[in-house]
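> Provided below for reference: sequence and predicted model.
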Protein chains: 2
Amino acid sequence: MPKLSEAAIRGKTDTIEDAARELFIRQGFHATSMRDISKRAKVSLGNVYNYYPTKDSIFESIIDGYLKVMDEHLKTIFAEVDEPMEPGNLRKLGESVGRLVHEHSDFWLLMYIDVLEFQNQHFRKMFDGITDRFRKIFGKRFAEAAARGDLRTGVDAAPVFTAAYMQFFNYFLVEKLFGGNQHLGLSDDQALNCLTKIFAYGTLSEEGLAKFKKTANKAFIA
Amino acid sequence: MPKLSEAAIRGKTDTIEDAARELFIRQGFHATSMRDISKRAKVSLGNVYNYYPTKDSIFESIIDGYLKVMDEHLKTIFAEVDEPMEPGNLRKLGESVGRLVHEHSDFWLLMYIDVLEFQNQHFRKMFDGITDRFRKIFGKRFAEAAARGDLRTGVDAAPVFTAAYMQFFNYFLVEKLFGGNQHLGLSDDQALNCLTKIFAYGTLSEEGLAKFKKTANKAFIA
DNA sequence: CGAAAAAAAACGGACGTTCATTTTTATTAA
DNA sequence: TTAATAAAAATGAACGTCCGTTTTTTTTCG
């Protein structure tokens, strides 16, 4: 028969990758066989090889696609942060990160597969130079906040913002994947308040705190 | 021949488990074969089965042993923390966590294997109720600090201490396993200072800060 | 028809585990 | 002190199954 349309091919590869991803994250890469994948995707074993040359290439294709999706999500999240060191925005960042972790926990499991079985070759760039990247996005805001005297003297906002971002991620990952059910002894909401407070009080000057207290929700910057 | 001595058996199982652990963390559980293990341990394939009934049981034995080792390490680390919310002690905690991660990165890779290939069944208890455990260890110290007015009003020290502990862990794990080379844009030393400062300023009251500033190293509580 | 796609069969090798066999060595008897 | 014993330990071939991939065959449809 004639060549399939782009859309038809995309439909088939999506089916295969969806099946593979579900299996990979449930039992790991090496514990998943091509027969498992073909069965779950309802595609014959031989036909899978009409779309992917190797099993590895399925994994790589899944990751490449997912990295792009996550990149878009992160861009959206950061675009919503206009004043990065403002407590309300910090908390909003935390909420967004929480949603991202819960809706895309697959992604992080794939990262662990990559660390374990592929020496982290596909995800290396995830954290490398992350602070510099935040400096590129928010550098001007950081400088403005410092100039206004919102930050304590000597505080560099970039690593602090990165640390907050990482802390939020770590919190929700532990909750979602590592069995820490409310490991801070607080609800997610309270935990977000608690962490936001730490980073707000940890970096803002008296003036900065006073300024933000006027506008911010009392619950997390009381 | 008669039964081997306890010590001889222990020696053999140690050899097997060492080999297995090295392979598991380098290529994952399912990617490691019993033949790989027996070859690296210089024990015949059949003989491995005189000590372990299945491949799974090797993994479980490694984890059981390692959990005990880590428990001891953590106990030692916490025993050295007499005043948990004092910045100098917080930083020392961070240093200890850093050493623990670097000297036992195997342990955390095993945890990722467990999450991926065993639904985290062996490590569940690692984070479950961790804040309550800290409350048991340091509850009296937390209460005393609050009574002395070292903490800002309304601050519960337990989740903050937990958050600091988790942040230190996460920082060093990202550095060691996830390819974030100096992902905060700082040396490990500077990063510890930065994180310590955040948690100190994030939770201590004016009086608490003033008190600790007298005794603490200026580098991280300036 | 004919070429692309799908399915099925086949390939060589590796898997976890078992088992018959050989080697080892603490104990026993001389 | 030494030689025989016997049971534990060690071995590596063998078992049946499953692996990733390739090749062959069948189906599909312009």
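Arrived safely.

> switch to C-alpha atoms for all contacts and neighbour counts from now on
Fine.

> give me the pLDDT for A:Gly11.
You'll see A:Gly11 listed with a pLDDT of 88.

> got the contact list for it?
Not one residue lies near A:Gly11 by Cα atoms under 8 Å, 6 or more residues apart in numbering or on different chains.

> who in chain A is up against DNA strand D?
Neighbours of DNA strand D within chain A, by Cα under 7 Å from any atom of the strand: A:1-2, A:30, A:32-36, A:45-46, A:49, A:53-56.

> for A:Phe161, what are its contacts?
Per Cα under 8 Å, 6+ apart, neighbours of A:Phe161: A:Pro84, A:Met85, A:Phe134.

> chain A: strands as residue ranges?
Ranges of strands within chain A: none, based on DSSP state E.

> poorly predicted segments of it, please.
A:1-3, A:213-222 (pLDDT under 70).

> show me what the helix ranked longest in chain A is packed against.
Ordering each helix of chain A by length in residues (DSSP state H) puts helix A:55-79 first. With contacts taken as 3 or more Cα pairs under 8 Å, 6 or more residues apart in numbering or on different chains; DSSP states H and E, helix A:55-79 sits against helix A:6-27, helix A:87-103.

> and those helices, which is most packed in?
Highest mean neighbour count among the helices and strands packed on helix A:55-79 (mean count of other Cα atoms under 10 Å in any protein chain shown): helix A:87-103, with a mean of 20.

> can I get that helix in CSV, CA atoms only?
In CSV, the C-alpha atoms belonging to helix A:87-103 read as follows (Å, rounded to 0.1, in the frame of the first residue of the first chain):
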residue,chain,number,x,y,z
PRO,A,87,6.7,35.8,48.5
GLY,A,88,3.4,35.5,46.7
ASN,A,89,5.2,34.7,43.5
LEU,A,90,7.5,32.3,45.2
ARG,A,91,4.5,30.4,46.5
LYS,A,92,2.9,30.4,43.1
LEU,A,93,6.1,28.9,41.8
GLY,A,94,5.8,26.2,44.4
GLU,A,95,2.2,25.5,43.4
SER,A,96,3.2,25.3,39.7
VAL,A,97,6.0,22.9,40.5
GLY,A,98,3.7,20.8,42.5
ARG,A,99,1.3,20.5,39.6
LEU,A,100,4.1,19.8,37.2
VAL,A,101,5.4,16.9,39.4
HIS,A,102,2.0,15.4,39.9
GLU,A,103,0.9,15.6,36.3
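
> packing partners of that helix?
Helix A:87-103 packs on helix A:55-79, helix A:157-177, helix A:188-203, going by 3+ Cα pairs under 8 Å, 6+ apart.

> TSV for the ones you listed, including distance to B:Asp189?
Shown next, in TSV, are the helices and strands packed on helix A:87-103 (distance: least, Cα to Cα, whole Å):
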stretch	distance to B:Asp189
helix A:55-79	28
helix A:157-177	13
helix A:188-203	18
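
> of all the ones you listed, which lies closest to A:Leu110?
Judged by Cα to Cα, the one of those that comes nearest to A:Leu110 is helix A:55-79, at 7.5 Å.

> what is the orientation angle of that closest one with helix A:87-103?
160 degrees (axes from the mean of the first three to the mean of the last three Cα atoms, to 10 degrees).

> any residue of helix A:55-79 up close to DNA strand C?
No - figure legend: helix A:55-79 not in contact with DNA strand C (Cα under 7 Å from any atom of the strand); closest approach 13.4 Å.

> show me what counts as buried in that helix.
For helix A:55-79, the neighbour count (16 or more other Cα atoms under 10 Å in any protein chain shown) marks A:Lys55, A:Ile58, A:Phe59, A:Ile62, A:Ile63, A:Tyr66, A:Leu67, A:Ile77, A:Phe78 as buried.
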